[in-house]
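In: Provide a 3D model corresponding to the input given below.
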Amino acid sequence: MNVGIISRNVGIALICNAVFMFLSAIVAAVNGFDSSFSPLMISAIITMMVGIFPLIFVRRKYDINTKEGLAILLLAWVLSCIFAMLPYVLWGGEFTLVNAWFESASGITTTGATILRDIEALPKGLLFWRSSTHYIGGLGVVVFIMMILPSFGTVRFKMSKMDVEDVSKSNYKYRSNTFIRVVIRVYLGITVAALLCFLIAGMDFFDAINHAFSVAATGGFSTKNASIAAFDSPLVEFFAMVFMVVANLHFGLIYASFVTRSPKVFKNTVTKFYLTTILVASLLVSGNLLISGSCGTLSESLRHGFFEVVSTISTTGFAIADTNVWPVFSIMILLYVSIQCGCSGSTTSGLRSDRVWILLQASRAQIIRLAHPNAVVPVKNDGQIVDKELISSVSIYVCLYLMIAFVMTLIYAACGFDAIGSISASVSMMSNVGPCFGSFGSSMSSFADVPAVAKVLMGLQMIIGRLGIYSILLVFFLYRKRV
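Out: Below is the predicted model:
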């Protein structure tokens, strides 16, 4: 294992973080050199120096092995979370060391949970940094690395393979360098379009750019204590829903749709399944809100039901209502979509709709085989037969996801929280959704009163959910084997 090449590429990831810290410091300077200017500048300088150091003293090497690629992937994310803490710790306020860890991990992993009781008390420079951590994590630290690498060779190829889910690779019919351009163009396109729409809806530029960062990354950090509800604008909510849904679609298919000028993305089976899930879940929640009296009118029920379902399944976590007071049936629906989430090849987390769809098709095929032992029933997706190894991989991943979520539920319960709170917190952190229910609060609550040990564990669970279970396990198995 070449420690030098690992440190060099992780250093590039830190430089990317430093660049956004400098941008945040500029925002602070524009706003009268607010109290976040010095913390941001100091953090940027420290992060930049640490990132540049290995680039100066380590020679370039374009060929890496699997162990080195996995180490780069894991360390880039973990160290980005650690260095993202610096502006918070130096600024102070509510940011103790543990709180800063939780906030930075939540930002980089695009979870969107917060420990802040008063978000609007933060200076604009620090608010912009919070949103920037979403943007870094949404596109992926690894993609930032590959943007800067001067070679289109094996480093990019291997690292892009590790940072893209197995279930989505078949839809990326591009070389690794083209894949990076596709992801970046779609990501920037969503950001710019969201920014313009939010401006049209009446947001000022600062709020618009911050929320554009959040919807593109499906993160959920807002500049307001009441999240999207603070704007009290159906148009803002509509635009937010549109871009939350779009950011959850397969980036390769979105790109192909624009290039070929055809709705390829909407012809995809998984996309149809994802959109159908949104429609059915939203109607069920809306109907339950109306019948239970939680919402007074049909229009209000539909507005709240559709927005919260889209916000949850997209893992964004914006809110326009206090979901903690909703009926249990609606909460159960939101918990389910927190597990399924959006499509692979996007900024979403969780199991992803691709895996759920493949698992459902494999279950159907197995039931038919049990009824007709001699029947040949292949599992298909978009007319193509799904490989048995992929079905096995999906099944194991689902089992591992549920197992880890269950173990973390037990740990959170041991911290003194009720059943629904422990379950929703575990699922939320694992899928990088953000909002929770029960004793952990609601879509509009903070995690300020959560015990320190739970905050640390939640941060780690966010990273596991964001990186993917297989990536984490591969690191431990490969390095354990070497020992």
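In: output stretch 413-430 as PDB, nothing but the C-alphas.
Out: The C-alpha coordinates for stretch 413-430 follow below in PDB (Å, rounded to 0.1, in the frame of the first residue of the first chain):
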ATOM      1  CA  ALA A 413     -33.000   3.000  22.900                       C
ATOM      2  CA  ALA A 414     -30.300   2.400  25.500                       C
ATOM      3  CA  CYS A 415     -29.700   6.100  25.500                       C
ATOM      4  CA  GLY A 416     -33.200   6.500  26.900                       C
ATOM      5  CA  PHE A 417     -35.300   7.300  23.900                       C
ATOM      6  CA  ASP A 418     -38.700   5.800  23.000                       C
ATOM      7  CA  ALA A 419     -39.300   3.100  20.400                       C
ATOM      8  CA  ILE A 420     -40.400   5.300  17.500                       C
ATOM      9  CA  GLY A 421     -37.700   7.800  18.300                       C
ATOM     10  CA  SER A 422     -35.000   5.200  18.300                       C
ATOM     11  CA  ILE A 423     -36.200   3.500  15.100                       C
ATOM     12  CA  SER A 424     -36.700   6.700  13.200                       C
ATOM     13  CA  ALA A 425     -33.300   8.100  14.300                       C
ATOM     14  CA  SER A 426     -31.500   5.000  13.100                       C
ATOM     15  CA  VAL A 427     -33.300   4.900   9.800                       C
ATOM     16  CA  SER A 428     -32.800   8.700   9.300                       C
ATOM     17  CA  MET A 429     -29.100   8.600  10.000                       C
ATOM     18  CA  MET A 430     -28.600   5.400   7.900                       C
END
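In: tell me which residues in it are buried?
Out: For stretch 413-430, burial by neighbour count (16 or more other C-beta atoms under 10 Å) applies to 413, 417, 420-430. In this view, the C-beta of every residue, glycine as well, is placed from N, C-alpha and C.
In: so what touches it?
Out: With contact meaning C-beta atoms under 8 Å, 6 or more residues apart in numbering, stretch 413-430 is reached by 111, 113, 331, 335, 338-339, 349-350, 401, 404-406, 408-410, 412, 433-440, 450-451, 453-454, 458, 461-462, 464-465.
In: so for it, mean pLDDT?
Out: Averaging pLDDT along stretch 413-430 yields 91.
In: again with stretch 82-101
Out: Stretch 82-101 comes out at a mean pLDDT of 95.
In: who touches it?
Out: Residues contacting stretch 82-101 (C-beta under 8 Å, 6+ apart): 14, 17, 21, 24, 35-36, 38-40, 42-43, 46-47, 50, 81, 103-104, 107-108, 115-118, 121-123, 126, 129, 133, 136, 448, 452, 455-456, 459.
In: roughly how far out does it sit from the chain middle?
Out: 21 Å (C-alpha atoms, centre = their mean, to the nearest Å).
In: any low-confidence regions in the stretch 51-200 of the chain?
Out: 60-64, 66, 141-177 (pLDDT under 70).
In: tell me the helices in it, going along the chain?
Out: Using DSSP state H, counting those that start in this stretch, the helices of the stretch 51-200 of the chain run over 66-83, 86-91, 97-108, 124-139, 141-148, 154-162, 166-169, 176-200.
In: now those helices as JSON lines including distance to residue 59 and mean neighbour count?
Out: Output for those, formatted as JSON lines (distance: least, C-beta to C-beta, whole Å; neighbours: other C-beta atoms under 10 Å):
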{"stretch": "helix 66-83", "distance to residue 59": "15", "mean neighbour count": "22"}
{"stretch": "helix 86-91", "distance to residue 59": "29", "mean neighbour count": "23"}
{"stretch": "helix 97-108", "distance to residue 59": "29", "mean neighbour count": "26"}
{"stretch": "helix 124-139", "distance to residue 59": "27", "mean neighbour count": "26"}
{"stretch": "helix 141-148", "distance to residue 59": "16", "mean neighbour count": "21"}
{"stretch": "helix 154-162", "distance to residue 59": "14", "mean neighbour count": "20"}
{"stretch": "helix 166-169", "distance to residue 59": "31", "mean neighbour count": "19"}
{"stretch": "helix 176-200", "distance to residue 59": "22", "mean neighbour count": "19"}
